[in-house]
Structures are given as structure tokens and as C-alpha cells.
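Undergrad: Dropping the sequence and predicted coords here.
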Amino acid sequence: MASLADVLLSKRVQEMVINGEEPESLYICRDEKEAANGSSPLAPIPIIDLNLLSSSQLTSKAEEEKELQKLKSALCSWGCFQAINHGISSCFLDEIRQVSREFFQQPMEEKKKYSKGVEEFEGYGGDPTPEEGQFLDWQDRLFLTVHPQDLRVAKFWPQNPKSFREVLENYTCKMRMVTESVSKSMAKSLGLEENCILDEFGEGAALQARFNYYPCCRRPEIVLGLKPHADGTGYTIILQDEVEGLQILQNQHWFTVPTLPEALLILMGDQMEIMTNGIWKSPVHRVVSHMEKERTSIAVFYTPQKHKEIGPLDGLVNEETPPLFNKVQDYEITHWEYYQRGMRALHTARV
Ligand SMILES: O=C(O)CCC(=O)C(=O)O
Ligand SMILES: [Fe+2]
């Protein structure tokens, strides 16, 4: 049997679909019974109006306080929320969705100009090879570091579609604004000084964009677009298209995340669970495939500055609530080592 790396190198999932192939065994990760085991109801994930939380707006204190409470409780129960009025126009969200879709619609030889090595993150392809015994995801993706600028690898930034680079550059600026306002609001909702989360991430906090393309699949019930995982980030900002597929695990049940065209889903990663001393959980999520519908999403990973030590925030630990986590550094590396074995890494940070 071919190795995982050989399969990843030989062709993209999109090519298998174009060739009308059935998923090969290394992609088969569940049996039909699991898929048939009831539908996944829509998750009632709270919608937070960031406009009500922005200091430049003439919102009454009472209104702001109410929205902050809603934000806090969304993160306590779901580990994520849908952000609206985030300052990015619907028209621009459609534009980045469109260039992303156009990138994947191009002929394979065009996309392969940006191919990554099997063990690398950056570039076009599948995830780096997992350990033997793990399964492959029914998806192709393009992964690019977008901030800080000196960490960008220009050769992986597509030249086609023509507007791709400019749109991504613009989206990066918007993501920096969103992380600033969301981090401040999250701190305030916990009764902390508004800059404390931003300071914990550090001036050189990184943003990485992952353009996910989930082709349709003849046998959607036996594959997954993305296997169950929690993110190793601080937090992740997800832009979905109109096709459902992302699911969140709660009380051992999968719930489907609704698609809202104007919203950004802000989802906690393990490092926010550490910073909040476990008050907010980093939710386990996965993506299912469809027989006839393809799906795209853009996930932007927001991660503390390289080599910066992070840990439970000062304002959240005291004698009554002692730290549950140790300080960690470059946690995403440990997270990745476990991810490749199909495991979570959070326990490695526990006291
Ligand atoms: O496609 C999605 O909606 C989620 C993607 C995701 O979870 C990830 O890229 O880590
Ligand atoms: Fe994720």
C-alpha cells in the first residue's frame, strides 16, 4: 500500500474528484453508521455586534455591558461567537471569497506553481503528512503567513487570479483591526484591563491564512473534510461561504455552525484556554463533506509572537483560583506534534 506521503504527493483531492475516483483507503476515516447517526442540529452560537463594543461608537454603557456579558457567556458555553459589524464590508468579504474560489478553480498546473513540500506548511497542497495510521483530510488548501511581513514567503503568494495578492493584503489589514478590537472586548468582558490580551500575544503576534477547499465527494459519509481537532492558536477567525460543513462538538454531540454571510466566526484556540485559565474552552471541531456541494472557507490563525511566553492572565489567578496551566512558549509546535498523531496537546500545558 502507498504511504501517506506518496498519496499526498501524487495528487490533490480535487484531481481525484475530477477523475471521478472513489476516495482511496487512506482518506476513509469513519463508517457510514457514524454519519447516519442522526443529523447534526444547528448550533445556537451567539451573534455579537462588535459595533456596540467599540469605544468610538455612541453606545450607552448599559448596552455595551449587555453585549460584553453576551460575549463572555458565548465563549464560556461554545468557545466561539459570530461577529457582525466588524468593520469589513459584505462586498469585500464576497471579494475575498471569490478570489479564493477562483484560485482553486484554476487548472492544476497553475496551482502547482505554489506547491508545498509534503512536510511543509506554507503553500498549496494537503496538510503535512500525519503519522502512519492517521487519515487524510478530504480537502486541498493554500497556507500563507500574512503577518508580520518579514515572515511572508513571497513565492507561495499566487499571481493568479490577478487581484489575489492585493485582496489578501487588504484582508490582512482588516484582520489586524479585528484582532485588536476583539482582543480588547474579550479582556473587558472578563473585567480585565483592555490591553492585557493584546500584550500577552505581543507586538509580533502572527496571522496565517489558510484557504480551505473542500471538494464534493461521491462517498461523503466515509470521509471528513477536516478531522476533529482543536486549534493550537490564540484564536482563529473563520470566514465561511454559504455551504454548511463546519461542526462543533459539545456534550459528545456534533452541532453544525450556521453560515451567516456577513459574519466572522471567532473561535478560541488552546492558547486562549491557557490565557483564560480554562474559563473559555478551545472547542473541538471538524468539517464534513457533501456529495454535490463543494465548500470553501478562509481561516486566519492568530498566534502569540514567536518565543513569547504566555500563561494564565494575572487578573484571573489568585489564591482561590490558582493557575491551571503553566507558562508555555511556541505552544503551536507541541500542538502540531500531537495533531499529527490525532491527539490534543492541551494536557502538556496543565499544572
Ligand atoms: O473550514 C472551516 O470552516 C474550518 C477550518 C478549520 O477548522 C481550520 O482550518 O482549522
Ligand atoms: Fe480548526
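TA: On my side now, so go ahead. Ligands and ions are numbered 1, 2, ... in the order given.
Undergrad: Could you use CA atoms for every contact and neighbour count after this?
TA: Will do.
Undergrad: residues contacting the closest residue to ligand 1 within the stretch 101-250 of the chain?
TA: Going by C-alpha to the nearest ligand atom, ligand 1 is nearest to L246 of the stretch 101-250 of the chain, at 4.8 Å. Contacts for L246 (C-alpha atoms under 8 Å, 6 or more residues apart in numbering) come out as T256, V257, H285, R286, V287, V288.
Undergrad: rerun at 10 Å
TA: Taking C-alpha atoms under 10 Å, 6 or more residues apart in numbering, we find L246 in contact with 225-226, 240, 254-259, 285-289, 297.
Undergrad: what does Y235 give?
TA: 79-80, 179, 183, 266-273, 282, 300-304.
Undergrad: And what about S297, helix, strand or coil?
TA: Under DSSP: H, G, I helix; E, B strand; the rest coil, S297 falls in the strand class.
Undergrad: Distance of it relative to I18?
TA: Separation of S297 from I18 (C-alpha to C-alpha, to the nearest Å) stands at 20 Å.
Undergrad: quick one: which of these two has more around it?
TA: Using other C-alpha atoms under 10 Å, the more surrounded residue of S297 and I18 is S297, with 22 against 10.
Undergrad: And the pLDDT for that one?
TA: What the model reports for S297 is a pLDDT of 98.
Undergrad: Going by neighbour count, list what's buried in the helix or strand containing C173.
TA: Per DSSP states H and E, C173 falls inside helix 164-189. Neighbour counts over helix 164-189 (16 or more other C-alpha atoms under 10 Å) mark 164-165, 167-168, 171-172, 175-176, 178-179, 181-189 as buried.
Undergrad: In the contacts of L246, find the pair that's most separated.
TA: Pairwise distances across the contacts of L246 peak at 19.1 Å for W254 and S297 (criterion: C-alpha to C-alpha).
Undergrad: so who does I266 touch?
TA: With C-alpha under 10 Å, 6+ apart as the criterion, the residues that contact I266 are 75, 79-83, 178-179, 182, 235-239, 299-300.
Undergrad: show me the residues around the residue nearest to it when sequence neighbours are not counted that make contact.
TA: Once flanking residues are discounted, I266 sits nearest to I237: 4.7 Å by C-alpha to C-alpha, 6 or more residues apart in numbering. I237 sits next to 80, 82-83, 175, 178-179, 207, 209, 264-268, 298-302 when contact means C-alpha under 10 Å, 6+ apart.
Undergrad: can you tell me how far N251 sits from ligand 1?
TA: 19 Å (C-alpha to the nearest ligand atom, to the nearest Å).
Undergrad: mind pulling up the phi and psi values for that residue?
TA: When read as degrees, to the nearest 10, the backbone of N251 gives phi 50, psi 50.
Undergrad: What is the burial count for it?
TA: Applying other C-alpha under 10 Å, we find 6 residues neighbouring N251.
Undergrad: same thing with P323?
TA: Residues lying near P323 (other C-alpha under 10 Å) number 22.
Undergrad: ok, now how distant is the residue nearest to it when sequence neighbours are not counted from G202?
TA: Nearest residue to P323, sequence neighbours excluded (C-alpha to C-alpha, 6+ apart): V317, at 5.8 Å. For V317, the distance to G202 equals 20 Å [C-alpha to C-alpha].
Undergrad: show me the contacts for R210.
TA: By C-alpha under 10 Å, 6+ apart, the neighbours of R210 are 121-124, 141-145, 238, 297-301.
Undergrad: Same question for E193.
TA: Going by C-alpha under 10 Å, 6+ apart, E193 touches K184, S185, A187, G315.
Undergrad: Name the SS class of it, please.
TA: coil.
Undergrad: what's around the nearest residue to V167 once chain neighbours are set aside, how many residues?
TA: Excluding its sequence neighbours, the residue lying closest to V167 (C-alpha to C-alpha, 6+ apart) is I96, at 6.3 Å. Look at I96: counted by other C-alpha under 10 Å, it has 19 neighbours.
Undergrad: element containing I96, please.
TA: Per DSSP H and E: I96 is located in helix 90-105.
Undergrad: Name the residues of that helix that are buried.
TA: Under the neighbour-count criterion of 16+ other C-alpha under 10 Å, helix 90-105 has L93, E95, I96, R97, V99, S100, R101, F103, F104 buried.
Undergrad: Check stretch 114-124 too.
TA: By neighbour count with 16+ other C-alpha under 10 Å, stretch 114-124 contains the buried residues Y114, S115, K116, G117, V118, F121, E122, G123, Y124.
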